[in-house]
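Trainee: Build me a structure from this.
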Amino acid sequence: MSDNNNASANTNDKAQRRLVIITGDKGGVGKSTFARGLLQLYVDKDIKCLAYEADQRNPQVSRHFGNKYGPLVDYIDIFRRGGADRLLITIEKKQDYSNFLLDLPAQSGGFFEEFVKEVAFFETLKDINCRVTMVSVISRVLDSVNVLEKLYHFCQKQVDYVVVKNLFHGEDHKFERYNDSDFRRDHKEILNEIVMPDLFYIPYDFIDVHALTFADAQTHPGSNIAIRARVKFWLAEFEEKVKPLSNLFNLDIPPTPGIYKEMAEATEKLRKEQESQAAKVKERIQESELRSQDESELPEC
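Mentor: Okay, the predicted model is just below:
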């Protein structure tokens with residue numbers, strides 16, 4: 001398959017900005033796991049990224065990263081006409097950001113296509129020096145190939161393609177429906193393929209239950225040595241698999257030291273202020289209830 005040289009030449013003096021869109025159009029293929037793994041790399045490397053939470057039913061990006069790094073996550077409504085406009089507006093406005101990430105919810109392909117058509121999405125992004133990396137996370141079923149094929153017919157060569165085989169569904173060679181497909185054979189020059197390692201279910205469930213980032217799973221007091229070891233190994237392996245496509249994810253751009261530490265501190269400060277404000281409101285309500293009770297107990301004249 002392609003050796004990740006499909007990115008179009010950037011004639012602008014500025015570095016190529018990237019919007020990474022993670023799709024699959026079916027729930028359970030591993031889209032959000034890949035999104036969270038990629039976000040963890042950006043955080044670990046201090047590479048500025050803005051992530052868009054578009055899944056109202058299962059907001060994994062927000063739940064695992066937004067609670068700690070509030071400014072990292074923005075919200076868009078992909079299912080409401082005009083709701084995704086915020087995506088373009090923010091990318092144009094945030095000129096100090098080179099990376100943006102959108103984890104498309106399951107069954108949102110049709111809504112996204114309408115948005116792309118209405119605003120000439122890819123051409124508009126080109127005007128603000130931003131190109132799309134379209135990540136398709138696949139399982140072993142035929143639907144994954146069909147969705148990928150539809151995606152290509154819609155986007156053509158306006159985006160760069162990354163196909164991610166999620167090894168949770170089986171070893172690389174067991175993806176026969178994709179590996180042996182006519183689509184793969186006919187478009188091998190534009191398909192950049194990687195695999196996503198399988199994380200054992202116990203550490204995965206631990207991370208899910210506590211709504212942690214992959215890094216925080218290694219320091220959480222409820223963790224154990226086996227969980228820490230498995231998550232550490234998975235992250236290292238994930239980075240190793242993604243590394244050949246660093247240019248398509250902007251993983252090789254200069255870092256902004258301390259950016260995520262500042263985000264975490266600001267988020268924690270805001271959380272404490274909100275808790276303090278909520279405690280004051282609760283205290284005023286209790287005082288008001290006590291006064292009402294005292295007044296009701298006064299003897300009638």
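
Trainee: what about Ala51, which SS state?
Mentor: At Ala51, secondary structure determined by DSSP: H, G, I helix; E, B strand; the rest coil is strand.

Trainee: okay, now it: neighbour count?
Mentor: Ala51 has 24 neighbours, counted by other CB atoms under 10 Å. Where you see a C-beta, it was placed from the backbone N, CA and C, and this is true even at glycine.

Trainee: burial count for Lys241?
Mentor: 17.

Trainee: How about the contacts made by the closest residue to it other than its chain neighbours?
Mentor: In space, and not counting its chain neighbours, Lys241 is closest to Ile194: 4.9 Å by CB to CB, 6 or more residues apart in numbering. With CB atoms under 8 Å, 6 or more residues apart in numbering as the criterion, the residues that contact Ile194 are Val162, Val163, Val164, Lys165, Lys241, Val242, Pro244, Leu245.

Trainee: Just the buried ones out of these, please.
Mentor: Neighbour-count burial (16 or more other CB atoms under 10 Å) applied to those gives Val162, Val163, Val164, Lys165, Lys241, Val242, Leu245.

Trainee: Including secondary structure, could those go into JSON lines?
Mentor: JSON lines is the format used below for these (three-state DSSP):
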{"residue": "Val162", "secondary structure": "strand"}
{"residue": "Val163", "secondary structure": "strand"}
{"residue": "Val164", "secondary structure": "strand"}
{"residue": "Lys165", "secondary structure": "strand"}
{"residue": "Lys241", "secondary structure": "helix"}
{"residue": "Val242", "secondary structure": "helix"}
{"residue": "Leu245", "secondary structure": "helix"}
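
Trainee: From these, pick the one nearest Phe175.
Mentor: Distance to Phe175, by CB to CB, is smallest for Lys165 among those, at 5.2 Å.

Trainee: what's the burial count for the closest residue to the closest one other than its chain neighbours?
Mentor: Spatially, and ignoring its direct neighbours in sequence, Lys165 is nearest to Val195 (4.7 Å; CB to CB, 6+ apart). Neighbour count for Val195, taken as other CB under 10 Å: 16.

Trainee: need the helices for this protein, in chain order.
Mentor: Read by DSSP state H, the chain holds these helices, from start to end of the chain: 31-44, 60-61, 85-93, 109-118, 121-127, 142-155, 176-179, 182-186, 201-210, 225-242, 246-249, 259-296.

Trainee: Read off the pLDDT value for Asp55.
Mentor: pLDDT for Asp55: 81.

Trainee: quick one, what contacts the spatially closest residue to it that is not a sequence neighbour?
Mentor: Nearest residue to Asp55 in three dimensions, chain neighbours excluded: Pro105, at 4.0 Å (CB to CB, 6+ apart). Counting by CB under 8 Å, 6+ apart, Pro105 touches Ala54, Asp55, Gln56, Arg57, Asn58, Ile78.

Trainee: picking up where we left off before, could the buried ones among the contacts of Ile194 go into JSON lines alongside distance to His173 and pLDDT?
Mentor: Formatted as JSON lines, the buried ones among the contacts of Ile194 follow (distance: CB to CB, whole Å; pLDDT from 0 to 100):
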{"residue": "Val162", "distance to His173": "20", "pLDDT": "98"}
{"residue": "Val163", "distance to His173": "15", "pLDDT": "97"}
{"residue": "Val164", "distance to His173": "16", "pLDDT": "97"}
{"residue": "Lys165", "distance to His173": "10", "pLDDT": "96"}
{"residue": "Lys241", "distance to His173": "16", "pLDDT": "98"}
{"residue": "Val242", "distance to His173": "21", "pLDDT": "98"}
{"residue": "Leu245", "distance to His173": "21", "pLDDT": "98"}
